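*Asks:* structure, please.
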Amino acid sequence: MPRVVFVAPYFMDATLRFVEAMASIPQVTLGLVSGDPAEKLPPGLRSRLAGHFRIDKPLDPAQLLHGTDKLRQHMGGVDRLVGALEQLQVPLGQVRDRLGIEGMGEAAATRFRDKAVMKDALRKAGLPCARHRATHSARDVYAFVEEVGLPIILKPRDGAGSIGTHRATTKAELDQALARFVPEMVEELVVGKERSFETASIRGVPRWDSHTRYDPAPLVVLENPWIQWCVILPREEETSDTQAIRPVALAALKALGMHTGISHMEWFRRADGSVAVSEVGARPPGAQIVTLNSWAHEVDVYRKWAELVALDHWSMPPRKYAVAAAFFRGQGEGTRVVKLHGIEQAQAELGHLVVEAKLPVVGQPKVRSYEGEGYAIVRHPETEMVEKAIRRLVSLVRVEVG
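*Replies:* All right, here's what the predicted structure looks like:
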């Protein structure tokens, strides 16, 4: 039986779905390292753990090493060390290296996590991505602009979910941005339709892939807090998008050193049909993409991920549905949700297509995440029907904050 230590910094709903999936595998002996006490876990889940060790700083490599080693002694060894959060990947690699645990080590994890190192590796492999530079001063940024021109993107080297990413289109915008902060990395702006490409790999060998479409792109969503957006998973598993990006995506995973797990690539399809890699994460995607695939394939993809990283096992039935998620974001000045608009009409028109929803609640705080205060997922056998329904849903529902 594989002995698995799962690092879950805090018991957020999204994280617990992955923990629950791992705990549901009979063959797995599961230990949990977290910053939350075991008492905060649902009782049914807590009873399935072989051990739990609490640390004060869940992202600190030294504390992760200590907690994992304590569970290793308690469980008689550790065969796999896993975690679903982007910010955990390098610390997990460091601990694997120190304890001799199989999986992605620090060097490979850094190629995925540090965007400048990532782009260097991709360009060295001859793969299409934006020109870029690691920066330490405003002078570095201006020198890059002299070479490539405007617009450019200012970003952290270890960002996630487009947080901390800014666009500078004019010299005035660039000057204003650099008066507030100096970015760790700059890159040229790639224009195109933004997509994602997920791959399930076992020891570096790809076994399955999937793709979604963003509408609009995440950067546009971050720049406009009022915009409600959607992610669309078409029923068709093979499209012109997959044919265009798959060879590049698989070469990118090889260049970066993917081991075992589900990876998440964001990429652009330019107007001329060419592609460019944006970023790649060596972890499951956010934006409800795992859930979308579960509804599309009528299987628990959280459980599939757990079987993949714990047992080196992957199987996926054919896709039966197109699925899409709409993200509802608070509009107006304020810090809390005060009213929902359009819910009744949306229910009347589209309720028969909705398979999952978490609607905003009056009184809840406005969040910083681009995923907003709530979401709804629609499903239908025809992709065109899902596209029309999700865009109608986004247009009908409005979240007022005040």
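*Asks:* can you show me the CA trace of the worst-scoring helix or strand of the chain on mean pLDDT as PDB?
*Replies:* Least confident helix or strand of the chain, by mean pLDDT, DSSP states H and E, is helix 218-223 with a mean of 81. Taking C-alpha atoms only, helix 218-223 is exported to PDB below (Å, rounded to 0.1, in the frame of the first residue of the first chain):
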ATOM      1  CA  PRO A 218      -7.700  36.100 -17.600                       C
ATOM      2  CA  LEU A 219      -5.700  39.300 -17.900                       C
ATOM      3  CA  VAL A 220      -8.700  41.200 -19.200                       C
ATOM      4  CA  VAL A 221     -10.700  39.900 -16.300                       C
ATOM      5  CA  LEU A 222      -8.200  41.100 -13.800                       C
ATOM      6  CA  GLU A 223      -8.000  44.500 -15.400                       C
END
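*Asks:* check which element follows it along the chain.
*Replies:* Going down the chain from helix 218-223, the next helix or strand is strand 229-233, by DSSP states H and E.
*Asks:* strands paired with that following strand, and their directions?
*Replies:* Strand 229-233 pairs in its sheet with strand 205-215 (antiparallel), strand 322-328 (antiparallel), by DSSP bridges.
*Asks:* list the buried residues of the least confident helix or strand of the chain.
*Replies:* Residues Pro218, Leu219, Val221, Leu222 are the ones in helix 218-223 that count as buried (16 or more other C-beta atoms under 10 Å). Every C-beta, even on glycine, is put in place using the N, C-alpha and C of the backbone.
*Asks:* hang on, the earlier thing: which one of the strands paired with strand 229-233 is the most hemmed in?
*Replies:* Across the strands paired with strand 229-233, averaging neighbours per residue (mean count of other C-beta atoms under 10 Å) puts strand 322-328 on top, at a mean of 27.
*Asks:* next one: that one to chain centre, how far?
*Replies:* With C-alpha atoms, centre = their mean, to the nearest Å as the basis, strand 322-328 stands 15 Å off its chain's centre.
*Asks:* just stretch 357-371 next, same as before
*Replies:* With C-alpha atoms, centre = their mean, you get 19 Å for stretch 357-371.
*Asks:* now the strands paired with strand 229-233 as JSON lines including distance to Val362 and mean pLDDT?
*Replies:* Shown next, in JSON lines, are those (distance: least, C-beta to C-beta, whole Å; pLDDT from 0 to 100):
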{"stretch": "strand 205-215", "distance to Val362": "28", "mean pLDDT": "97"}
{"stretch": "strand 322-328", "distance to Val362": "13", "mean pLDDT": "97"}
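*Asks:* so which of those is nearest Pro128?
*Replies:* strand 205-215 (16.9 Å; C-beta to C-beta).
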